[in-house]
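Colleague: model this:
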Amino acid sequence: MRARTLAAVSAGALLASLAAGVPAQAEQTGTAAGAAPADTGGLVWAPCEDIAPVGEETLECATLTVPLARTDGGARIHGLGDTVELALSRVPATGRAERTMLVNPGGPGSAGRMWAAHTHRRMPTELRETYDVVSFDPRGVGASTPSITCDPAFFAPVRRDTVPADADAEAALRAGAEDYAEACGANTGRLLDHVRTEDTAHDMDAIRAALGEETIDYLGYSYGSYLGTVYSSLYPDRVRALVLDSVVNPDNPWYESNIEQSRALDRSADGFFDWVARNDAAYGLGADGDTVSEAYYSLRAELAATPAAGTVGPTELEGAVIVVAYSGGTWPRVAEALAARINDGDDAPLLSLHEDYGDDAGSDRGYGGYLAVQCTDARWPEDWSTWRADAERLHAEAPFMGWHNMWYNAPCATWDGDSDDWFQVGDGRGEHPAYDGDALVVHATRDGATPVEGAYALRNRLPGASLVIEEGGLTHGVSLTGNTCVDEVVTAYLRDGEVPVRDGGEGADVVCEGRPEPRPRTSRAAPETMVERLGPVGMESPGKPGSSE
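Modeller: Numbering: from 1, shown residues only. All right, here's what the predicted structure looks like:
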């Protein structure tokens, strides 16, 4: 499933990454300053050379050398001399540092270094004074090396319609997915066998050791919630506080997660269509949600026949408008772009939407990184007829992204890398025991990238976890983003190490009212900032969790 970073929004994989709120700089690559091998117990921090701080934050960078291959227990496999260089960033505490927080914005496949600055800036003063905040580009992506690369030309417009018109169209889409998988293997090599979530969890512990910390606090959004769940299972004694936000369902391997995500994305789209209808005076697309929905799908059909400016066809449209499922803050801009094209024949806002949110050649590393994790984290159906049957059923139930999400993950059907069993925490067999310390699970009920059912499932898997629900919340990524009720609970936990009393049943332990829906705006209004339109976290494609992905 995809949850992508909001910096590169496209459908198809569950999580992201939370990528929506990150400036374009967050995806830049380059050489981070400072380097130290993992066994020295230290890092050399220096001003970042390739990313800029946010506001007045002091942003420092370093690199850490870790083994390419490890045993299941995290020990280096002797005889394999290859290593990986992880790019790290840090914002030091404004006062006396007492704790270190490691943060991950989701994905998989999303660069994460800018999130140290974003997270530190959003903390209340009392936490900023005592926390060093550290983030990193996971192996294979961002400024970490070696990097995953596949085929940048894959994203050249106009791409094939994700809804195949006939058997020949389906065969062409399958061939494209197979070619992309083959390109990833040919251009990346052995790294593809060592980018499972467990590999990154072991890297996180190497980061902890290099920081000289006995324990760390962790904040993970979207796919980062699953990463934190795996880390806390592997290294339960290394966790002081664990905040898991916009949760990937621990019970559903990626193929199943993507199916559930497609349904959640469709529900979010319906919510968006209803909102546009309630604001018909501003947009003129219909006074009820069904009429607005019909207008959208009619536009999709028009673009299939004649792409806007020879650039935005139906697949590009889907890759841009999927943002409505990640943040209500994007609704006014998407509605304005749709209205401009449908009512006035003006393609400019739609093209601008695609440029900001859609895929292009620069999406290759993130998409390849996403696939590298998802395709090997769990096993995928071997028979294409299973994929087709599920896609056809999903398209009938959830047409917004049903086929799109399936094709986004289709390279996993022929992936050049060894897939393994899903890391199922608390499976009752003792193989991956669930972390039993205090933890905080946070989720918005109307999050389209990660269905809220996953939050309840994770709470039930973690015996020490309490669940905070943002009732009616629209944003993928809730903690430290402005909901006072949620932020007070998160702050108290990070400050004092105490979670809300766990309810005796299976419901939420704290329910916070969601923030109001956005107000419509017109082209005459001041443009919103990246954070306003993308929210706190980014998103990967719909198939990823949270960025699942």
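Colleague: and residue 224, what element?
Modeller: helix 223-234 (DSSP states H and E).
Colleague: Determine the set of other helices and strands touching that helix.
Modeller: strand 99-104, helix 197-210, strand 216-221, strand 239-245, helix 453-461 (3 or more Cβ pairs under 8 Å, 6 or more residues apart in numbering; DSSP states H and E). Every C-beta, even on glycine, is put in place using the N, C-alpha and C of the backbone.
Colleague: Among the ones you listed, which comes closest to residue 310?
Modeller: strand 216-221 (36.4 Å; Cβ to Cβ).
Colleague: quick check: angle from the closest one to helix 197-210?
Modeller: 140 degrees (axes from the mean of the first three to the mean of the last three Cα atoms, to 10 degrees).
Colleague: partners of strand 216-221, with directions?
Modeller: Strands that pair with strand 216-221, judged by DSSP bridges, come out as strand 99-104 (parallel), strand 239-245 (parallel).
Colleague: Dump those strands into JSON lines; add distance to residue 197 as well.
Modeller: Compiled in JSON lines, those are given as follows (distance: least, Cβ to Cβ, whole Å):
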{"stretch": "strand 99-104", "distance to residue 197": "11"}
{"stretch": "strand 239-245", "distance to residue 197": "14"}
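Colleague: where in the chain is pLDDT low?
Modeller: 1-41, 73-81, 428, 522-549 (pLDDT under 70).
Colleague: the longest helix in this structure is where?
Modeller: helix 254-278 (DSSP state H).
Colleague: Report how many residues lie close to the closest residue to residue 163 other than its chain neighbours.
Modeller: Distances taken as Cβ to Cβ, 6 or more residues apart in numbering place residue 403 nearest to residue 163, at 4.8 Å, with adjacent residues excluded. Per other Cβ atoms under 10 Å, the neighbour tally for residue 403 reads 25.
Colleague: for the one 3 residues further on, same thing?
Modeller: Around residue 406 there are 25 other residues, counting by other Cβ under 10 Å.
Colleague: excluding its backbone neighbours, what's nearest it?
Modeller: residue 391 (4.2 Å).
Colleague: Thought residue 402 was touching that neighbour, still the case?
Modeller: Yes. The pair residue 391 / residue 402 is scored as a contact, 6.4 Å apart, by Cβ atoms under 8 Å.
Colleague: Now do the contacts for the residue lying closest to residue 308 once chain neighbours are set aside.
Modeller: Excluding its sequence neighbours, the residue lying closest to residue 308 (Cβ to Cβ, 6+ apart) is residue 347, at 4.2 Å. Going by Cβ atoms under 8 Å, 6 or more residues apart in numbering, residue 347 touches 308-309, 312, 340-341.
Colleague: Let's see that with 7 Å instead.
Modeller: Neighbour list for residue 347: 308-309, 341 [criterion: Cβ atoms under 7 Å, 6 or more residues apart in numbering].
Colleague: Hmm, residue 226 and residue 200 touching each other?
Modeller: No. Look at residue 200 against residue 226 with Cβ atoms under 7 Å: they stay out of range, at 10.3 Å.
Colleague: how about the strands of the stretch 51-200 of the chain, start to end?
Modeller: 60-67, 83-91, 99-104, 131-137 (DSSP state E, counting those that start in this stretch).
Colleague: Looking at those strands, spot the one closest to residue 479.
Modeller: Per Cβ to Cβ, nearest to residue 479 of the strands of the stretch 51-200 of the chain: strand 99-104, 10.1 Å.
Colleague: circling back to that earlier point, residue 200 and residue 226: which has the busier surroundings?
Modeller: residue 226 (37 against 24).
Colleague: neighbours around the closest residue to that one other than its chain neighbours, how many?
Modeller: Leaving aside its sequence neighbours, residue 226 sits nearest to residue 248 (Cβ to Cβ, 6+ apart; 4.0 Å). Burial measure for residue 248: 38 neighbouring residues, criterion other Cβ under 10 Å.
Colleague: and what of residue 260?
Modeller: Residue 260, neighbours per other Cβ under 10 Å, totals 20.
Colleague: dump the residue contacts of the nearest residue to it once chain neighbours are set aside.
Modeller: Using Cβ to Cβ, 6+ apart and skipping residues adjacent in sequence, the residue nearest residue 260 is residue 451, 5.4 Å away. Going by Cβ under 7 Å, 6+ apart, residue 451 touches 260-261, 264.
Colleague: Dump these to a markdown table, plus distance to residue 122.
Modeller: Converted to a markdown table, the contacts of residue 451 look like this (distance: Cβ to Cβ, whole Å):
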| residue | distance to residue 122 |
| --- | --- |
| 260 | 29 |
| 261 | 26 |
| 264 | 25 |
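Colleague: if we take these, which one ends up nearest to residue 415?
Modeller: For the contacts of residue 451, the nearest to residue 415 is residue 261 (19.3 Å; Cβ to Cβ).
Colleague: distance of the closest one from residue 328?
Modeller: 18 Å (Cβ to Cβ, to the nearest Å).
Colleague: Settle it for me: which of those two has more neighbours?
Modeller: Per other Cβ under 10 Å, whichever of residue 261 and residue 328 has more neighbours is residue 261, with 39 against 23.
Colleague: Would you mind stating the distance between the more buried one and residue 405?
Modeller: Residue 261 is 7 Å from residue 405, by Cβ to Cβ.
Colleague: Pull the number of nearby residues for the nearest residue to residue 172 once chain neighbours are set aside.
Modeller: Leaving aside its sequence neighbours, residue 172 sits nearest to residue 160 (Cβ to Cβ, 6+ apart; 6.1 Å). Using other Cβ under 10 Å, residue 160 has 16 other residues around it.
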